[in-house]
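> After the sequence you'll find the predicted model.
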Amino acid sequence: MHATAEEAREETIRMLNVYADFHEHELAIPVIRGIKTESDKFAGAVATYAIEALMHDGKSLQAGTSHYFGDGFARAFDIQYTDKENKLVYPHQTSWGTSTRMMGGIIMTHGDDNGLVLPPAVAPVQLIIIPIAAHKPGVLEKAGELKTRLEKLFRVKTDVSDNSAGWKFAEYEMKGVPVRLEIGPRDMEKNECVLVTRHDRSKTVVSIDALEKAVTEKLQAVRDGLYNKALANREARTYDCVTTDEIISVLAEKGDGYVRAMWCGDEACEDRVKELTGVGSRCIHFDQVQLSDSCVCCGEPAKHMVYWAKAY
């Protein structure tokens with residue numbers, strides 16, 4: 001609760017940015033930050049702000065919201081406090097949150113045909129150690145030694161089951177473990193091991209003496225690779241249109257994605273765009289671009305550049 005509208009709005013935007021930064025830095029999901037249209041805002045709110053993320057199928061996910069309520073809810077529920085002048089006043093309120101839909105967002109942004117691909121920051125296991133030819137002398141002992149070293153810095157698991165190495169590789173790919181470490185007799189002779197990154201399956205031979213540094217770099221490479229791939233997907237599937245006919249044509253030719261188009265601010269036009277094209281307004285982007293002077297629907301003077309898309 002806040003004493004002034006200015007303080008409440010600052011908190012609303014601050015929390016939106018907290019969620020946006022978490023999605024981008026930790027979950028490796030690029031998001032669009034903006035304000036919802038009047039028809040799409042939270043019922044009773046003065047303003048609703050949102051972060052939108054494009055999934056790999058071209059649909060948008062509302063990944064988080066932050067609402068400024070004004071003092072409307074305080075008045076409705078008779079919530080008051082005594083201010084500095086010893087007067088009873090209604091506070092300005094905010095509400096913000098993101099939910100378990102983040103889990104779906106991770107899967108639909110990063111997953112592939114082999115299963116999960118998890119960002120290192122939230123992966124339950126960041127590094128899986130796979131002993132190769134585990135029956136050979138010293139291999140299991142070496143794998144255990146490496147686990148003891150590395151678990152001081154990372155979330156590490158060693159698979160000492162009787163399953164084949166190929167089975168283990170497939171299992172932990174399916175579970176989305178960011179980095180795999182392979183260690184066998186030949187590696188031990190050379191004081192080396194193999195690191196494999198889940199997002200691109202690249203293999204690197206590294207010195208065991210420099211393992212902590214190498215794993216740190218690989219985890220960062222996974223995060224960066226996931227983010228850049230998701231961002232490239234969004235950029236490739238963002239289309240600028242100036243008429244509803246152009247929206248229909250572009251989506252028919254290129255498939256689902258974000259459409260950036262101008263809007264006059266009339267709810268009737270907002271509804272008409274969705275009726276004609278199948279895409280609804282997602283948010284009015286904070287960073288406005290003047291794509292044209294006219295509304296994409298009615299041709300009247302435009303007020304906002306809006307992101308439109310099909311959504312979950």
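Sure, I can see it.
> And the contacts of stretch 235-246?
Applying C-beta atoms under 8 Å, 6 or more residues apart in numbering, the contact partners of stretch 235-246 are 54, 58, 247, 250-251, 254-262, 272-273, 276-277, 291-292, 294, 296-297. Yep, even glycine has a C-beta here, placed from its N, CA and C like the rest.
> Now do the strands in the stretch 151-300 of the chain.
In the stretch 151-300 of the chain, the segments counted as strands under DSSP state E, counting those that start in this stretch are 156-158, 179-183, 192-197, 203-207, 238-240, 258-263, 280-285.
> got the angle between the fourth one and strand 179-183?
Here strand 203-207 points in a direction 60 degrees away from that of strand 179-183 (axes from the mean of the first three to the mean of the last three C-alpha atoms, to 10 degrees).
> okay, the angle between strand 203-207 and strand 192-197?
Going by the same axes, to 10 degrees, strand 203-207 makes 140 degrees with strand 192-197.
> To residue 10, which of the strands of the stretch 151-300 of the chain lies closest?
Nearest to residue 10 among the strands of the stretch 151-300 of the chain is strand 280-285 (19.1 Å), distances taken as C-beta to C-beta.
> So for the closest one, mean pLDDT?
On average, the pLDDT along strand 280-285 is 98.
> what are the pairing partners of the helix or strand just after that strand, and which direction each?
Towards the C-terminus, the helix or strand next in line after strand 280-285, according to DSSP states H and E, is strand 304-309. In the sheet, strand 304-309 lines up against strand 258-263 (antiparallel), strand 280-285 (antiparallel) (DSSP bridges).
> quick one: buried residues of stretch 296-312?
Along stretch 296-312, these residues count as buried under the neighbour rule (16 or more other C-beta atoms under 10 Å): 296-298, 302, 304-310.
> and if you look at stretch 237-255?
By neighbour count, with 16+ other C-beta under 10 Å as the criterion, the buried positions of stretch 237-255 are 237, 239, 241-242, 244, 246-247, 250-251.
> and the longest helix along the chain, which residues are buried?
Longest helix in the chain by number of residues, with DSSP state H as the criterion: helix 211-236. Of the residues in helix 211-236, those buried under the neighbour-count criterion (16+ other C-beta under 10 Å) are 211, 214-215, 218-219, 221-223, 225-227, 229-230, 233-234.
> burial of residue 69, as a residue count?
Neighbouring residues of residue 69 were enumerated by other C-beta atoms under 10 Å; the total is 22.
> could you dump the lengthiest strand in the chain to CSV, C-alpha only?
The strand spanning the most residues in the chain, taking DSSP state E as the definition, is strand 60-70. Extracted C-alpha coordinates of strand 60-70, given in CSV (Å, rounded to 0.1, in the frame of the first residue of the first chain):
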residue,chain,number,x,y,z
SER,A,60,2.5,-15.3,-27.1
LEU,A,61,2.5,-16.1,-23.4
GLN,A,62,1.6,-13.5,-20.8
ALA,A,63,4.5,-14.3,-18.6
GLY,A,64,3.8,-11.8,-15.8
THR,A,65,1.6,-8.9,-14.8
SER,A,66,1.7,-5.9,-12.5
HIS,A,67,-1.4,-3.8,-11.6
TYR,A,68,-1.9,-0.3,-10.3
PHE,A,69,-5.2,-0.2,-8.5
GLY,A,70,-5.4,3.4,-7.5
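> Distance of residue 165 relative to residue 193?
Relative to residue 193, residue 165 is positioned 14 Å away (criterion: C-beta to C-beta, to the nearest Å).
> Give me the more crowded residue out of those two.
Neighbour comparison, residue 165 and residue 193: the larger count goes to residue 193, with 24 against 15 (by other C-beta under 10 Å).
> Report the beta-bridge partners for the more buried one.
Applying DSSP bridges to residue 193 yields these beta-bridge partners: residue 206.
> I'd guessed it sits against residue 182; true?
Yes: in this structure, residue 193 is within contact of residue 182 by C-beta atoms under 8 Å, at 6.4 Å.
> count of neighbours near the closest residue to residue 89 other than its chain neighbours?
Taking C-beta to C-beta, 6 or more residues apart in numbering as the measure, residue 89 lies nearest to residue 83, with 5.0 Å between them; neighbours along the chain are not counted. Close neighbours of residue 83, defined as other C-beta under 10 Å, add up to 11.
> Touching, residue 83 and residue 2? I think so.
No: here residue 83 does not reach residue 2: they are 11.5 Å apart, not a contact under C-beta under 8 Å.
> still on that earlier bit, can the buried residues of stretch 237-255 go into a markdown table with extra columns for pLDDT and distance to residue 41?
Putting the buried residues of stretch 237-255 into a markdown table (pLDDT from 0 to 100; distance: C-beta to C-beta, whole Å) gives the following:
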| residue | pLDDT | distance to residue 41 |
| --- | --- | --- |
| 237 | 97 | 26 |
| 239 | 98 | 25 |
| 241 | 98 | 24 |
| 242 | 97 | 26 |
| 244 | 97 | 24 |
| 246 | 97 | 27 |
| 247 | 98 | 23 |
| 250 | 97 | 28 |
| 251 | 97 | 26 |
